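Student: Kindly generate the corresponding structure for this input.
(one chain, ligands or ions: 1)
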Amino acid sequence: MGAQRPRVVIAGGSLGGLTAALWLRDAGCDVDVCERLSAPLEGQGAGIVLNPATVRWAVERQHIPIAEIGVAAQYLRYLDREAGVAAELVAPYRFSSYDTLYRNLLGAFGRDRYHLSEEVVAVEQDERGATARLASGRTRECDLLVWADGIRSAGRRQLVPEATAAYAGYVAWRGTVSPEDLSEPAQEALADAITYCVLPQSHLLTYQIPTAQGAQLNWLWYRNLAEGPELDAVMTDRVGARREVAVPPGAVSDGPLGEVREAASAILPPALVEVVHRTANPFLQAIFDIEVPRLAFGRTCLIGDAAFALRPHAAAGSAKAAEDGYRLGLAVREARGDVVTALERWEPPQLELARSVLARTREAGRRSQHDGTWGVGDPLPFGLYAQGDSLMAPVGAR
Ligand SMILES: Cc1cc2nc3c(=O)[nH]c(=O)nc-3n(C[C@H](O)[C@H](O)[C@H](O)COP(=O)(O)OP(=O)(O)OC[C@H]3O[C@@H](n4cnc5c(N)ncnc54)[C@H](O)[C@@H]3O)c2cc1C
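Tutor: A predicted model of the protein is given here:
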């Protein structure tokens with residue numbers, strides 16, 4: 001028999017956690033979100049290619065048309081190394097930024113039940129309920145504990161200790177730059193498009209995103225780096241700390257920064273050399289695959305990056321996190337608040353989805369970073385359930 005109004009604790013208050021919180025609240029649950037950080041997340045800076053799943057709550061509950069979220073670009077453009085257009089297709093995508101999506105979700109959920117500085121470290125459960133253990137020593141009782149605590153999930157460590165992060169063999173250098181800081185020819189070369197440059201065992205892409213500071217060009221440059229001293233040098237920050245997953249803006253050491261700028265000058269087309277050089281604080285992210293054999297464990301579950309961390313090539317990480325949360329809300333509603341039954345029914349399709357998108361991102365990584373079989377003019381692997389479902393209209397030749 002389910003609880004009348006199931007009490008839910010969500011560990012992690014980012015895109016996945018907040019989306020799950022909203023759908024579960026709509027399904028009649030009493031929801032608290034525990035976020036480890038002491039202030040609302042900001043300056044994540046990065047761009048997000050929109051998928052309908054990412055913004056389903058905004059569209060269905062806030063009645064914001066998807067055409068009004070983020071900014072649109074009409075073309076997929078491939079630049080050759082001399083800055084000429086090597087290929088151009090009509091491929092309408094919409095782009096937003098992490099900060100914009102996060103602010104909207106937090107505004108909708110409200111701050112009353114969003115608890116900062118609350119790190120969940122473990123779960124205990126029996127047939128009557130679950131207990132979230134916090135780093136402070138305090139506890140929160142609930143019927144369902146959802147782990148949405150990201151790529152370094154404490155929940156995954158406890159529930160699936162054998163799961164490990166497999167380094168993909170490359171990092172993504174990232175950054176944002178204001179288009180006004182670029183020359184006119186560079187602005188023109190990059191306008192109204194998601195732009196790719198395919199390089200030997202490497203690729204760079206850029207697209208425009210809305211931010212609190214106005215429109216910015218967001219870029220990602222995937223570069224192979226062998227595990228060991230090469231990777232360690234790049235992932236060691238300015239104060240000598242070896243970062244596991246990401247080196248944030250402002251923390252990247254001078255050596256790797258100088259090297260990436262030199263490499264840009266040597267091999268990128270002029271517009272992209274400007275993009276890299278005029279970015280004040282490039283940052284970087286080591287790319288990993290993480291997968292788990294199960295998502296549901298009685299009264300607790302893993303969603304989003306806490307469960308499967310995907311390489312970014314499908315632009316589907318936040319879409320999958322949001323979809324996990326949406327389907328969880330539906331399952332709890334359908335099981336009339338019986339959270340154990342809800343999790344049993346929710347798990348199989350979410351596992352299947354995660355495995356299929358993980359396979360697509362691995363394939364894209366293999367083609368672009370290793371085999372060199374990602375060709376100029378190829379369509380993008382973006383999509384959640386299938387390649388192409390992030391497109392906002394049919395594609396075609398220009
Ligand atoms: C280079 C790059 C580009 C990307 N581009 C796209 C894209 O275009 N489109 C897309 O859909 N996705 C993209 N993604 C993926 C997307 O950013 C992630 O998949 C998404 O943010 C996952 O959301 P999440 O809520 O599961 O985890 P996260 O966003 O990682 O959030 C985890 C949260 O949990 C908190 N936390 C951690 N531990 C605890 C704890 N013990 N207790 C409480 N709180 C805790 C953290 O502080 C954080 O707020 C990209 C990712 C990368 C790396």
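
Student: what does the stretch 151-300 of the chain put close to the ligand?
Tutor: Residues of the stretch 151-300 of the chain lying close to the ligand (CB under 6 Å from any ligand atom) are 151, 154, 172, 174, 220, 285. (C-beta placed from N, C-alpha, C; glycine too.)

Student: and with 8 Å instead?
Tutor: 151, 152, 153, 154, 155, 172, 174, 220, 246, 285, 287 (CB under 8 Å from any ligand atom).

Student: Restricted to helices, list those residues.
Tutor: In helices, defined here by DSSP state H, the members of these are 154, 155.

Student: Which among the residues of the stretch 151-300 of the chain next to the ligand count as buried?
Tutor: Listed as buried from these are 151, 153, 154, 155, 172, 174, 220, 246, 285, 287; burial here means 16 or more other CB atoms under 10 Å.

Student: May I see these arranged in CSV, with pLDDT as well?
Tutor: What follows is these, written out as CSV (pLDDT from 0 to 100):
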residue, pLDDT
151, 93
153, 97
154, 98
155, 98
172, 97
174, 95
220, 97
246, 94
285, 95
287, 97
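
Student: The lengthiest helix in the chain packs against which elements?
Tutor: Looking across the chain with DSSP H, the single longest helix is helix 339-365. The helices and strands touching helix 339-365, judged by 3 or more CB pairs under 8 Å, 6 or more residues apart in numbering; DSSP states H and E, are strand 166-177, strand 283-289, strand 296-297, strand 300-302, helix 317-334.

Student: What strands line up against the third one, and which way round?
Tutor: Translated: strand 296-297. According to DSSP bridges, strand 296-297 forms sheet pairs with strand 300-302 (antiparallel).

Student: Just the residues contacting the strand it pairs with, thanks.
Tutor: Residues from elsewhere that reach strand 300-302 (CB atoms under 8 Å, 6 or more residues apart in numbering): 123, 125, 130, 144-147, 153, 155-156, 159-160, 292, 295, 328, 343, 346-347.

Student: just stretch 113-121 next, same as before
Tutor: Stretch 113-121 is touched from outside by 9, 11-13, 31-40, 106, 132-136, 145, 147, 149, 154-155, with contacts defined as CB under 8 Å, 6+ apart.

Student: Give me the domain ranges for this protein.
Tutor: Domain assignment for the chain by automatic domain parsing gives 7-64+99-164+290-368, 79-96+167-288+390-397.

Student: Tell me the pLDDT of the residue nearest to residue 199 when sequence neighbours are not counted.
Tutor: Nearest non-adjacent residue to residue 199, counting by CB to CB, 6 or more residues apart in numbering: residue 267, 6.2 Å away. Residue 267 carries a pLDDT score of 95 in this model.

Student: wait, doesn't residue 267 sit right on residue 197?
Tutor: No. Applying CB atoms under 8 Å as the test, residue 267 and residue 197 come out as separate, 9.1 Å apart.

Student: what's the overlap in contacts for those two?
Tutor: residue 81.

Student: Please say which of these two ends up with more neighbours.
Tutor: Ranked by neighbour count (other CB atoms under 10 Å), residue 267 and residue 197 place residue 197 first, with 23 against 15.

Student: Can you tell me the element that one falls in?
Tutor: If you go by DSSP states H and E, residue 197 is part of strand 193-199.

Student: now that strand: how far from the chain's centre is it?
Tutor: 20 Å (CA atoms, centre = their mean, to the nearest Å).

Student: swap in stretch 216-230?
Tutor: Counting by CA atoms, centre = their mean, stretch 216-230 is centred 16 Å from the centre of its parent chain.

Student: Ok, stretch 284-293 next?
Tutor: Relative to its chain's centre, stretch 284-293 lies at 11 Å (CA atoms, centre = their mean).

Student: what about it, how long is it end to end?
Tutor: For stretch 284-293, the first and last residues are 29 Å from each other (CA to CA, to the nearest Å).

Student: try stretch 232-248
Tutor: 15 Å.

Student: contact partners of it?
Tutor: With contacts defined as CB under 8 Å, 6+ apart, stretch 232-248 is touched by 151-152, 171, 225, 251-256, 283-286, 288.

Student: related to what we said a few turns ago, inside strands: which ones of the contacts of stretch 113-121?
Tutor: Applying DSSP state E to the contacts of stretch 113-121, the entries found in strands are 9, 11, 31, 32, 33, 34, 132, 133, 134, 145, 147.

Student: Surely the fifth one and residue 13 touch.
Tutor: This means residue 33. Yes. Counting by CB under 8 Å, residue 13 is a contact partner of residue 33 at 4.5 Å.

Student: Can you work out which residues contact both of those two?
Tutor: 21, 114.

Student: circling back to that earlier point, buried ones among the contacts of stretch 113-121?
Tutor: 9, 11-13, 31-36, 106, 132-134, 145, 147, 149, 154-155.

Student: Done for today, thanks.
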